[in-house]
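need a 3D model of the sequence below.
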Amino acid sequence: MKKLNMQLETLTCPSCLEKIEKGVKSLEGVDKYSVKVLFNSAKVKLNFDENTLDSKEIENKISSLGYEVLDTKVS
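Coordinates of the predicted model:
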């Protein structure tokens with residue numbers, strides 16, 4: 001499992017948080033229990049299986065939901 005930290009554009013409402021959380025959790029390979037979307041700091045933190053998907057696919061999912069990813073760190 002890899003850890004992913006993403007900085008997003010500003011989140012404007014709690015429903016944004018729920019939308020991103022639901023969208024990311026729908027991806028196969030994401031540890032659904034590790035997903036945290038931090039409203040005040042506009043960050044997404046999660047663990048994912050690098051053998052199933054890569055960070056770019058997670059970025060693309062968030063972008064498809066209408067949010068801009070400003071920075072991504074994988075460790």
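
and the longest helix seen in the chain, average pLDDT?
Ranked by residue count and defined by DSSP state H, the top helix of the chain is helix 14-25. Computed over helix 14-25, the mean pLDDT rounds to 94.

tell me where the chain has helices.
For the chain, applying DSSP H gives helices covering 14-25, 55-64.

just put the ones you listed in TSV and tack on distance to F39.
Any C-beta I mention is one placed from the backbone N, CA and C, and that applies to glycine too. Putting the helices of the chain into TSV (distance: least, C-beta to C-beta, whole Å) gives the following:
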stretch	distance to F39
helix 14-25	5
helix 55-64	15
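
so where's the protein uncertain?
Across the chain, not a single residue meets the criterion (pLDDT under 70).

which one is the spatially most central residue of it nearest to, not counting chain neighbours?
Residue closest to the average C-alpha location in the chain (C-alpha atoms, centre = their mean): V44, at 4.7 Å. Leaving out its chain neighbours, the residue that sits closest to V44 by C-beta to C-beta, 6 or more residues apart in numbering is M6, at 4.4 Å.

same thing with V30?
Of all residues not flanking V30 in the chain, F48 sits nearest, at 5.0 Å (C-beta to C-beta, 6+ apart).

isn't that neighbour right up against D31?
Yes: assessed by C-beta atoms under 8 Å, F48 is found in contact with D31 at 6.6 Å.

ok so, going back, quick one: the longest helix of the chain to chain centroid distance?
9 Å (C-alpha atoms, centre = their mean, to the nearest Å).

packing partners of it?
With contacts defined as 3 or more C-beta pairs under 8 Å, 6 or more residues apart in numbering; DSSP states H and E, helix 14-25 has these neighbours: strand 36-38, strand 43-48, helix 55-64.

list the buried residues in that helix.
Using 16 or more other C-beta atoms under 10 Å as the test for burial, helix 14-25 gives C16, L17, K19, I20, E21, G23, V24.

taking strand 43-48 as reference, get the angle to it.
20 degrees (axes from the mean of the first three to the mean of the last three C-alpha atoms, to 10 degrees).
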